[in-house]
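Engineer: only geometry, no sequence info:
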């Protein structure tokens, strides 16, 4: 079980891990051992996620989500497979945690009087600049 919040858990069967070779430091180890982790989580088919969280997660996942609705997280920060695996899982949990927070409701507000006056004054100044550009009429 991947504990995301006290009330939200993802079953291990919903996560798919693939180990691939990582680039970067590691000496000969980097060419021999598959230490990087590709963690896949199918958002659309997950029974663990409420519908509201699923929709927000698809929206905030950005380029990490495929057209089929699968989130792919690649972790290659560390030299060991175990630490990369833990890093990928924590990054997925953080992403889901962010989606689990309901957005703050927007409260309608009125613009203050000072901003209304400043806007009108700016319009008046702009109008004066434009009126100075007009050619004067030659009177006979």
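Structural biologist: All right, it came through fine. Source: prediction; values computed, not measured.
Engineer: What is the subsequent helix or strand relative to the helix or strand of the chain with the lowest mean pLDDT?
Structural biologist: Within the chain, no helix or strand scores below helix 29-32, which has a mean of 67 by mean pLDDT, DSSP states H and E. Next in sequence after helix 29-32, counting helices and strands by DSSP states H and E, comes strand 36-42.
Engineer: Return the residues in contact with the residue nearest to residue 14 when sequence neighbours are not counted.
Structural biologist: Spatial nearest neighbour of residue 14, excluding adjacent residues (Cβ to Cβ, 6 or more residues apart in numbering): residue 46 at 5.5 Å. The way it works is simple: take the backbone N, C-alpha and C, and place the C-beta from them, glycine included. Residues near residue 46 by Cβ atoms under 8 Å, 6 or more residues apart in numbering: 10, 14, 54.
Engineer: Residue 46 and residue 64: what is the separation?
Structural biologist: As defined by Cβ to Cβ, to the nearest Å, residue 46 lies at a distance of 15 Å from residue 64.
Engineer: Now do the helices for this protein: every range, in order, please.
Structural biologist: Listed in chain order, the helices of the chain (DSSP state H) span 29-32, 51-60, 81-100, 113-133.
Engineer: Please name every helix or strand in contact with the second one.
Structural biologist: Right, helix 51-60. Under the contact criterion of 3 or more Cβ pairs under 8 Å, 6 or more residues apart in numbering; DSSP states H and E, helix 51-60 touches helix 81-100.
Engineer: List the buried residues for the helix it packs on?
Structural biologist: By neighbour count with 16 or more other Cβ atoms under 10 Å, helix 81-100 contains the buried residues 81, 84-85, 87-89, 91-93, 95-96, 99-100.
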